[in-house]
Structure formats: structure tokens, C-alpha cells
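Participant: requesting a structural model of the entry that follows:
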Amino acid sequence: MTTWKTTALAVAAAVGMTSVAVAQEREQIRIVGSSTVYPFASYVVEEFGATTNYPTPVIESTGSGGGMRLFCEGVGVSTPDITNASRRMKPSEFDRCMENGVTDITEATIGYDGIVLAQSNDNDPLELTREQIMLAVAAQVPQNGEMVDNPYTNWSEIDSSLPDREIEVLGPPTTSGTRDAFEEMVMEESAEGLGFPEEYTEIRADGVYVDSGENDNLIVQRINENEDAIGVFGYGFLVENTDIIQAATIDGVEPTPETIGSGEYPVARSLWFYIKEAHEGVIPGIDEYVSLFMDPIMIGQDGLLKDEGLIPLPSDALAEWSDRVENRVNLQRSDLEG
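Facilitator: Purely as a prediction, here's the structure:
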């Protein structure tokens, strides 16, 4: 991971940060959530620990869904202060937070990411459509007017233009926001045109799609070792590993910062984190950590996280979100609907 040594920022971050009371039950910020956001948040965590007088936060990669469950368990030092997400909080998760007393939540978006289907650099370039991907991973497929168990085991069986190669897809588990986004932007979007039931998102469980947990680095390692395998993960992990892996084009579009940021790449999404306001002033350093994360030095057009694979927000959008976060505008259920 790139290290920055911006003396002015380091000094500014330290100024005004007084020693915190030792009577706290927990003095470290606890962060959970998305494996996609994890490398970006980890960068901020490391710099926060290095440039302030606060302890380095503890961060766990639990998946977006897993993080939401932990975040919404309630208020108190046994629950996390912040959860990262590679998709927006669901209304049902907001309801669970409210039921458990997590009533004041601030939402922040930090930039964009694309979901890539990547393979070993030893393979020829791969061009896929969302319809072809759907037929490869769906539990059942339409044939002769009815749904049958997916018979496809080779890409060339789906389309003769595809390589004569075994289908093996290493992807995220059901707790992952990447999985949620993949189901929505690939499967739901292509279902109707192929004759699937509306919003069909059931993924096959016969060993062709392999649930590979929340460790995206492990998926990268496995596709580098197995030329048949294709991995599903965030664009940031592709950027870190272009020496060994390459991304397929999807619907004729290559994932790049430009195509993801413009929305031309069809599997692009926003990245988020959520702050439990009731923990501010109780767990030391939350406000300072959030300010560092939202600083243009981190997530601006020339921010440090751009080099780590984050696609920055447009400057006006960043200014708007920074203002909302700074003023701790409470998330409303209506924000998540529609």
C-alpha cells in the first residue's frame, strides 16, 4: 500500500487532538463491513493511526450485509461505530437499526467502483455480455418454455464465440454487497430478455459458482493459479494486481476509471460508509477519522485513494456529501426508497 508523508496534514491532524479519558470502555474505533471498501478504509485507518494521537482503529472485512447486521445490533461499546458498504443500506436494515435503538445514522459516499470479472493474464482477452454471465451462473435456465437446472459446464456451450473452457466462477458470498450488486446489475438486468422469471437472482450451487468468502485477495491468488477460473470482485483489486490478472469486457465496455465514473461500464456502483452518531463523544476519534476519510486529500479528484483504485466523485458531488457528513445529516428511510 502506498504511504504518504504529508507533513502539513500530519501536523494539522495532531493539533487540537488532546489525550482522551482513560475511563473509556473502548478507546479504539471499531469498523466493519464491505471487503470492497476494506482496502480504502484500511489506508485511512493506517494514516489516522500514524498522524493522530488516537489509537489505530480496528477494522474487519465482514461483507456489507454482515457489517449492517453488526452495526444495527444496537448502541454500546460492544457494537461497531462505523460500517462500510459496497451498496446502499437497505430499508429493511434501516428498520432493524431503528428497532434496536440505532436512531441517528450519518451516511457517506466516498466514490465509485466497478465489479469486474477477472481472469489470469495467461488467457486470451475475454469479451462477455451480461446475458452470457447470467446463463453461466444461474441455478436454473429457461429451455423450451420451462425452467430447468443449469446444464452449462463450458463457456462455449453458452455461445460458440466463447472459449472452449470450463465454467468456474469464484465469487462473493450472500453477505457481500458485491454479491448484491452483481445480482442486481447483471442477473436482474438480463433476466427478462432471456425468458427468466422477473428479477431472478438464484445462483447455482452445483460447484460451478464457488462462494469464496470475503477475502478478495484469495480470489486473485486462485485465478492466477487456475487459468479456467474467473473471479468476481471490485475494480480496486484489479488495479492492485494487473501484473497477474486482466478484466473481461462486459457488453463491450472495458472497466476503467472513466467508464466506471461515467456509468458507461454496466456494472458500476457507489461505495458508502455509515456512522453511528450515538458513539461520537463516547468512542474517541470518530469525528477526526471521518473528517480524514472525507478530505479531498483522500477521496478528491487527485486524492491518495485514487492510486488505490477508488474512482473519485465529481467535485460538486464530493462537496455536497462532505457538507452532509460534516453537519451529520440524519439518514431517513425515505432516502433509501425508490
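Participant: how far is the longest helix along the chain from where the chain is centred?
Facilitator: For the chain, the longest helix by residue count, based on DSSP state H, is helix 38-51. In this view, helix 38-51 has its centroid 16 Å away from the chain centroid, taken as Cα atoms, centre = their mean, to the nearest Å.
Participant: how about that helix: buried residues?
Facilitator: By neighbour count on 16 or more other Cβ atoms under 10 Å, the buried set for helix 38-51 is 38, 39, 40, 41, 42, 43, 44, 45, 47, 48, 49, 51. Every C-beta, even on glycine, is put in place using the N, C-alpha and C of the backbone.
Participant: so what does it touch, helix or strand wise?
Facilitator: If you count contacts as 3 or more Cβ pairs under 8 Å, 6 or more residues apart in numbering; DSSP states H and E, helix 38-51 packs onto helix 7-14, strand 30-33, strand 58-59, helix 235-240, helix 286-294.
Participant: now do the fourth one: which elements does it pack against?
Facilitator: This means helix 235-240. Checking 3+ Cβ pairs under 8 Å, 6+ apart, helix 235-240 ends up next to helix 38-51, strand 105-120, helix 216-225, strand 245-247.
Participant: contacts only, for the closest residue to residue 73 other than its chain neighbours.
Facilitator: In this structure, residue 73 finds its nearest non-sequential neighbour in residue 79, 5.0 Å apart by Cβ to Cβ, 6 or more residues apart in numbering. Residue 79 sits next to 70, 71, 73, 276 when contact means Cβ atoms under 8 Å, 6 or more residues apart in numbering.
Participant: over to residue 289?
Facilitator: Here residue 289 is in contact with 29, 44, 45, 48, 54, 57, 82 (Cβ under 8 Å, 6+ apart).
Participant: pLDDT score for the fifth one?
Facilitator: Spelled out, it's residue 54. Confidence at residue 54, expressed as pLDDT, is 97.
Participant: gap between it and residue 133?
Facilitator: Going from residue 54 to residue 133 by Cβ to Cβ, to the nearest Å gives 44 Å.
Participant: neighbours of the nearest residue to residue 41 once chain neighbours are set aside, how many?
Facilitator: Setting aside the residues directly before and after it, residue 41 is nearest to residue 84 in space (Cβ to Cβ, 6+ apart), at 5.4 Å. For residue 84, the tally of surrounding residues (other Cβ atoms under 10 Å) stands at 32.
Participant: could you measure from residue 84 over to residue 166?
Facilitator: Counting by Cβ to Cβ, the gap from residue 84 to residue 166 is 34 Å.
Participant: list the contacts for residue 140?
Facilitator: 147, 148, 149, 150, 202.
Participant: for it, which residues count as its bridge partners?
Facilitator: Beta-bridge partners for residue 140, by DSSP bridges, are residue 149.
Participant: quick one: it from residue 107, how far?
Facilitator: Per Cβ to Cβ, residue 140 is found 36 Å from residue 107.
Participant: how many residues are close by residue 121?
Facilitator: By other Cβ under 10 Å, the residues close to residue 121 number 15.
Participant: may I have the residues that are in contact with it?
Facilitator: 243, 244, 245, 246.
Participant: and it, what pLDDT?
Facilitator: You'll see residue 121 listed with a pLDDT of 95.
Participant: tell me how far residue 153 lies from residue 133.
Facilitator: In terms of Cβ to Cβ, residue 153 sits 15 Å off from residue 133.
Participant: where does pLDDT dip in the chain?
Facilitator: Applying pLDDT under 70 to the chain flags the ranges 1-24, 338.
Participant: got the domain boundaries for it?
Facilitator: With domains defined by automatic domain parsing, the chain comprises 25-112+270-336, 114-268.
Participant: of those domains, which stretch is the most buried?
Facilitator: By mean neighbour count, with neighbours taken as mean count of other Cβ atoms under 10 Å, domain 25-112+270-336 ranks first of the domains of the chain at a mean of 20.
Participant: how long is it from one end to the other?
Facilitator: 33 Å (Cα to Cα, to the nearest Å).
Participant: thought residue 58 was touching residue 32?
Facilitator: No. Assessed by Cβ atoms under 8 Å, residue 58 is found out of contact with residue 32, at 9.2 Å.
Participant: so which residues of the stretch 201-338 of the chain form helices?
Facilitator: Secondary structure of the stretch 201-338 of the chain (DSSP state H, counting those that start in this stretch): helices located at 216-225, 235-240, 257-262, 286-294, 296-299, 315-326.
Participant: to residue 333, which of those lies closest?
Facilitator: Between residue 333 and the helices of the stretch 201-338 of the chain, the tightest spacing by Cβ to Cβ is seen for helix 315-326, at 16.3 Å.
Participant: then the closest one to CSV, C-alphas only?
Facilitator: Output in CSV follows, covering the C-alpha atoms of helix 315-326 (Å, rounded to 0.1, in the frame of the first residue of the first chain):
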residue,chain,number,x,y,z
SER,A,315,-16.0,17.7,-7.2
ASP,A,316,-19.5,19.1,-6.8
ALA,A,317,-20.9,15.8,-5.5
LEU,A,318,-17.9,15.4,-3.1
ALA,A,319,-18.6,18.9,-1.7
GLU,A,320,-22.3,18.1,-1.2
TRP,A,321,-21.6,14.8,0.5
SER,A,322,-18.8,16.4,2.7
ASP,A,323,-21.3,19.0,3.8
ARG,A,324,-23.9,16.4,4.7
VAL,A,325,-21.4,14.4,6.7
GLU,A,326,-19.8,17.4,8.4
